[in-house]
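[1] sequence unavailable; structure follows:
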């Protein structure tokens, strides 16, 4: 009976969607989604915010699950996946913006514009490049992937490396927008007051060092278990250091392995804290493994330490585009003792670390200068040509948000 009801419901929704496709496209409607309908976040959120400023005649509607709808900012117009209004919005919107993909069943109308913003700079293999890696490719339908990619009109990129990898991993006829990642604009527009306010919200006292630990997902693991003894690390680093620990968003259910540490005050679970950009603004340094957060955080020109205890396994099972061990944005630790030594001394912020970070920034923060969202909105929503867009500032003319020690000095 339940299966019959589901089938009947699917037929009704399909009929509603097909009927909506016969209606004219609404030139003033834009549908936004991020991270599989989790909420207002990432590049789509930054684009939507700039859209409200530069093109207020375009009405944004967010796709958000019923579970996450209660967390939306007040007044956010939204649709819940699977509902009649959801399918009507997807059928009639002029603009569809996502950092992942809309459902396979979404039809690409000739006068609609699909913008793929992505949600990171690729170290790991993506798209068709995953085919040679069974652990990463498990469950993927590459034919369906190519059909989705064929719906893209624009693909947003933060650097030349990303543009090349996207065009290789997702081959189609879309236009690459080498405009920077809109979500990274805040790293250049935030001031001392914003940095101070975020640290206060997180309970970080003035003068204390905040280290953000943000590991990534591993295809060969079923769940997430911290690869560090966080309590021991906090003890070694002392009372003046706070560890902000953020698990990957794939692991958002069940009891957190950090539950026993939350009340210590020196190890804080920020896995559910959004937006992640605020965590980066609050942190004096970043510790990560292979997460794309390193490319975003590099815009701040603050220390980055790589903890790579399983690099060989990760590289073999997932595949990577370059050797992070040879081109890291800072010191590399292969074990917890190495990491503790780096953070307890000066290696995390010495001249060698600064030199590695500078080379990394030149390569991967190429188009990020604080005006990426503006360039995307002007090009896609206002129809301005490339030559009329704000030029990307040279690195020497960019000023990142002030570091916490500058704010509290």
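    Looks like it arrived, so ask away. From a predicted model like this one, the values you see are computed outputs, not experimental measurements.

[2] pLDDT below threshold where in the stretch 101-250 of the chain?
    Residue ranges of the stretch 101-250 of the chain with pLDDT under 70: 222-224, 248-250.

[3] so which residues of it form strands?
    113-116, 154-156, 175-177, 209-213, 241-245 (DSSP state E, counting those that start in this stretch).

[4] in a markdown table, list these along with distance to residue 274.
    C-betas here are computed from N, CA, C, even on glycine. Below are the strands of the stretch 101-250 of the chain laid out as a markdown table (distance: least, C-beta to C-beta, whole Å):
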| stretch | distance to residue 274 |
| --- | --- |
| strand 113-116 | 21 |
| strand 154-156 | 20 |
| strand 175-177 | 25 |
| strand 209-213 | 14 |
| strand 241-245 | 13 |
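
[5] closest to residue 203 out of those?
    Within these, the stretch nearest residue 203 is strand 241-245; the backing value is 8.2 Å (C-beta to C-beta).

[6] what is that closest one packed up against?
    Judged by 3 or more C-beta pairs under 8 Å, 6 or more residues apart in numbering; DSSP states H and E, the packing partners of strand 241-245 are strand 209-213, helix 230-237, strand 267-269.

[7] try 10 Å this time
    Packing partners of strand 241-245 (3 or more C-beta pairs under 10 Å, 6 or more residues apart in numbering; DSSP states H and E): strand 209-213, helix 230-237, strand 267-269, helix 276-282, strand 285-288, helix 336-344.

[8] neighbouring contacts of the last one?
    Taking contacts as C-beta atoms under 10 Å, 6 or more residues apart in numbering, the residues outside helix 336-344 that touch it are 209, 211, 213, 227-230, 232-233, 235-238, 241, 243, 285, 287, 303, 305-309, 330-333, 335, 347-350, 353.

[9] mind giving me the ChimeraX command for buried ones among those?
    Here is the ChimeraX command that selects only those of the contacts of helix 336-344 that count as buried (16 or more other C-beta atoms under 10 Å):
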select :209,211,213,227,228,230,233,236,237,241,243,285,287,303,305,306,307,308,309,330,331,332,333,347,348,349,353
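
[10] pull the contacting residues for residue 36.
    By C-beta under 10 Å, 6+ apart, residue 36 lies in contact with 63, 65, 81, 98, 99, 100, 101, 249.

[11] likewise for residue 371?
    With C-beta under 10 Å, 6+ apart, residue 371 has these contacts: 50, 179-180, 182, 185, 188-189, 378, 389-393.

[12] how near is it to residue 143?
    To residue 143, residue 371 is 38 Å away according to C-beta to C-beta, to the nearest Å.

[13] closest to the centroid, which residue in the protein?
    By C-alpha atoms, centre = their mean, the chain has its centre lying nearest to residue 119, at 3.9 Å.

[14] what sits closest to it if chain neighbours are left out?
    residue 99 (4.2 Å; C-beta to C-beta, 6 or more residues apart in numbering).

[15] count of residues packed around the one you found?
    24 (other C-beta atoms under 10 Å).

[16] follow-up on the earlier one: so the residue nearest to the centre of the chain sits right up against residue 183, yeah?
    Yes - Residue 119 is within contact range of residue 183, at 8.2 Å (criterion: C-beta atoms under 10 Å).

[17] anything in contact with each of the two?
    Contact criterion C-beta under 10 Å, 6+ apart; residues shared by residue 119 and residue 183: 34, 41, 42, 43, 44, 99, 156, 296.

[18] which one of these sits closest to residue 113?
    For these, the residue nearest residue 113 by C-beta to C-beta is residue 156; the value is 12.9 Å.

[19] show me the contacts for that closest one.
    43-44, 47, 97, 99, 115-119, 162-163, 166, 176-183, 367, 372-373, 375-376, 380.

[20] count the residues that sit near residue 114.
    Neighbours of residue 114 under the rule other C-beta under 10 Å: 24.

[21] so who does it touch?
    31, 93, 95-98, 101-102, 106, 108, 148-155, 174.

[22] what secondary structure does the residue lying closest to residue 27 once chain neighbours are set aside sit in?
    Among residues not flanking residue 27 along the chain, residue 94 sits closest, at 4.8 Å (C-beta to C-beta, 6+ apart). With DSSP: H, G, I helix; E, B strand; the rest coil as the basis, residue 94 sits in strand.

[23] am I right that residue 94 is in contact with residue 115?
    No - using C-beta under 10 Å, residue 94 makes no contact with residue 115, being 11.1 Å away.

[24] overlap in contacts, those two.
    30, 381.

[25] out of the two, which sits in the more crowded spot?
    Set residue 94 next to residue 115 and count neighbours by other C-beta under 10 Å: residue 115 wins out with 25 against 18.

[26] tell me the contacts of that one?
    Neighbours of residue 115 in contact, by C-beta under 10 Å, 6+ apart: 30, 32, 43-44, 47, 95-99, 152-156, 174, 177, 376, 379-381.

[27] any of those residues buried? List them.
    Buried by 16+ other C-beta under 10 Å: 30, 32, 43-44, 47, 95-99, 152-156, 174, 177, 376, 379-381, out of the contacts of residue 115.

[28] and those residues, which of them are in helices?
    Judged by DSSP state H, helices contain the following of the buried ones among the contacts of residue 115: 43, 44, 47, 376.

[29] contacting residues for the last one?
    Contacts here follow C-beta under 10 Å, 6+ apart; on that basis residue 376 touches 43, 46-47, 50-51, 97, 115, 117, 154, 156, 177, 179-182, 389.

[30] equivalent analysis for residue 14, please.
    Counting by C-beta under 10 Å, 6+ apart, residue 14 has contacts 87, 105.

[31] go with 6 Å
    For residue 14, the contact set (C-beta atoms under 6 Å, 6 or more residues apart in numbering) is empty.

[32] and the gap between it and residue 20?
    Using C-beta to C-beta, we find residue 14 at a distance of 11 Å from residue 20.

[33] want to throw the contacts of residue 371 into TSV with neighbour count and distance to residue 340?
    Formatted as TSV, the contacts of residue 371 follow (neighbours: other C-beta atoms under 10 Å; distance: C-beta to C-beta, whole Å):
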residue	neighbour count	distance to residue 340
50	21	42
179	27	40
180	29	35
182	27	36
185	23	35
188	19	33
189	12	35
378	21	47
389	18	46
390	13	44
391	9	44
392	18	39
393	16	38
